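Colleague: kindly generate the corresponding structure for this input.
(2 chains)
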Amino acid sequence: MDEINVLEKQMYENLKKLQEMGVEVYKYGYDFTHTLKDLIEHSEDYLEKDVVVKVAGRIISERKHGKVVFWDIKDQLEKIQLYIKKDIVGEEKYDQIKYYDIGDIVGVSGKLFKTHTGELTILVESVDILAKALKPLPEKFHGLKDVEIRYRKRYLDLITSDESKRVFLKRTELINRIRDFLNSNGFVEVETPILQPVYGGAFAQPFITHHNTHDMTLYLRIANELYLKRLIVGGMNRVYEFAKDFRNEGIDRTHNPEFTQVEFYQSYADYYDMMELVENMFLTLVPEKRITYQGREIIFEKPFKRIDFYDSLNEAVGRNVKGLNVEELKSIAEKFNVDLEGKKTYGKILDELFSEIIQKKIVQPSFVVNHPIEISPLARKHREKDGVVERFEFVVCGMEIGNSFSELNDPLDQKERFLKQLEERKKGDIEAFAMDEDYVEALMYGMPPTGGVGIGIDRTVMLLTDQSSIRDVILFPLLKTEK
RNA sequence: GGGCCGUUAGCUCAGUAGGUAGAGCAUCUGCCUUUUAAGCAGGGGGUCACUGGUUCGAAUCCAGUACGGCUCACCA
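Modeller: Modelled structure (predicted):
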């Protein structure tokens, strides 16, 4: 505990006063009869029946009038006014409640009525403190604006901001809808390791940790893809997992070091099937079909637009970029003002060109399809086109929301791709894949043709709750510790 | 990691060409039995993020540090 300020001292003294009066200020429970939500939704009924109700909530504001006091109490998103009269609750109780503070959790019973101005109010017959607050809440009108405190002390943000609370409730609702969607399509939810001896399934740097007993290095997963596909080999034909992934990289508006993805894999399907599945999934998330994101109207309508990787890039730069060498790509980058710092290999440069010249400008829900094989070591070669794979990325408002392939199930090809990645690593790509012999071995037992998808949950929530920062859809985003 | 900006009472914010701080809400005291950003009267509350420097004197000018925001880089 920090040093105590005057307000906290007064609240602490109020606690002491109540205890001296024999009041238990931290109760073990409260036998409420209604939630505030229920009370408000069915108020006409309860008014008519004149029943005594018992409810609980936090005192969020107070208006004192001598022998009468009004409180607003809040529970979840609902609030209701309480009317406490000295001659009803009695002199002793009325003396006690002087020592209740805004922020305290209370339980009350009484009958509903409406005030002169028509506000639904409980005429309180009895009132009890359930939990004493010892620190003052942020001010009622302006709330909490300091973003740092909102992230560090999310509970204060949730107490003071309905808007923020709604975002997180919506997040849970969206996850439930995705889970329902997958379950109803025959997918089975599984759990795979977060601590992995070999990390893989994405281009990223890992967090490294150590297991004492086995004295071994372990990596926090950057993706769960390779484990889910082992399960496909094992005959779990449709699997999915909501996975926290960890990537040891920078933080910005769309990146948090730990984030959530749902990956799902379907046997006997290809990436065309998965496009349709993703379309259907998003239409269940957005049944109204249109949303506004940061002032732009986004329309979800089947089929989502298909944008071919090479075709669109070729058209934009005015020449065929496939097969160009690194130097030629660099000159194109210069012409289009694309910064290639840190990009060394053909694939990475091409990817950068695409994301700067094409992807950034995509607004409406679109599938970017048929990526270069160089940047897609887990996707199978396109059945017709050379040098590309059967892959799509789901992009909305320039944000990559999802990624999918016809999964590479040829173990020999997969082994070659891993070897290519090792070469890239030698060329200086620190994110290139590590060889996963155990995974190749799994493929050697035979994996059915499979379509797989990963959807970024945080970004999906951003999109569907109109939040510009990933920190506003993660309850406890990573911040530096205060020193 | 780079650039720009920010940090003043519990909260939201002012702050004069550098003269050791103010408002609203909250809080405390008094009055008030249908108020609702209740009202009226009075009071308390601050190492102005931190550390140095310049100066007779620093919230204010300068430097550094911490944390945060935006942005660039890296990435999903």
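Colleague: quick one: low-confidence parts of the stretch 351-483 of chain A?
Modeller: Residues of the stretch 351-483 of chain A meeting the criterion pLDDT under 70: A:483.
Colleague: could you do the stretch 151-300 of chain A as well?
Modeller: Those would be none, if you go by pLDDT under 70 across the stretch 151-300 of chain A.
Colleague: RNA strand B contacts on that one?
Modeller: Neighbours of RNA strand B within the stretch 151-300 of chain A, by Cβ under 7 Å from any atom of the strand: A:151, A:202-204, A:247, A:249-257, A:259. All C-beta spots, glycine's among them, are computed from the backbone N, C-alpha and C.
Colleague: which pair in these spans the largest distance?
Modeller: A:Tyr151 and A:Phe203 (27.8 Å; Cβ to Cβ).
Colleague: helices of the stretch 351-483 of chain A, start to end?
Modeller: With DSSP state H, counting those that start in this stretch as the criterion, the stretch 351-483 of chain A has helices at A:411-426, A:437-444, A:457-465.
Colleague: picking that back up, can you say which of the residues of the stretch 151-300 of chain A next to RNA strand B are buried?
Modeller: For these, a burial check counting by 16 or more other Cβ atoms under 10 Å picks out A:Tyr151, A:Ala202, A:Phe203, A:Ala204, A:Arg247, A:Thr254, A:Asn256, A:Phe259.
Colleague: which of those residues fall in helices?
Modeller: A:Tyr151 (DSSP state H).
Colleague: how much space separates the nearest residue to A:Val395 once chain neighbours are set aside from A:Val368?
Modeller: Distances taken as Cβ to Cβ, 6 or more residues apart in numbering put A:Ile362 closest to A:Val395, at 4.7 Å, once the chain neighbours are dropped. Here the distance between A:Ile362 and A:Val368 works out to 8 Å (Cβ to Cβ, to the nearest Å).
Colleague: name the residues contacting each of the two.
Modeller: A:Ile307, A:Val395 (Cβ atoms under 8 Å, 6 or more residues apart in numbering).
Colleague: now the stretch 351-483 of chain A against RNA strand B: closest residue?
Modeller: A:Glu400 (2.9 Å; Cβ to the nearest atom of the strand).
Colleague: which of the residues of the stretch 151-300 of chain A next to RNA strand B sits closest to A:Ile357?
Modeller: Distances from A:Ile357 to those, taken by Cβ to Cβ, are shortest for A:Thr254, at 18.8 Å.
Colleague: that closest one against A:Met399, yeah?
Modeller: Yes - because the distance of 6.1 Å satisfies Cβ atoms under 8 Å, A:Thr254 is recorded as touching A:Met399.
Colleague: shared neighbours of the two, which are they?
Modeller: Joint contacts of A:Thr254 and A:Met399 (Cβ under 8 Å, 6+ apart) are A:Arg459, A:Met462.
Colleague: and the strands in the stretch 351-483 of chain A?
Modeller: Taking DSSP state E, counting those that start in this stretch as the criterion, the stretch 351-483 of chain A carries its strands at A:366-369, A:391-396, A:399-406, A:450-456.
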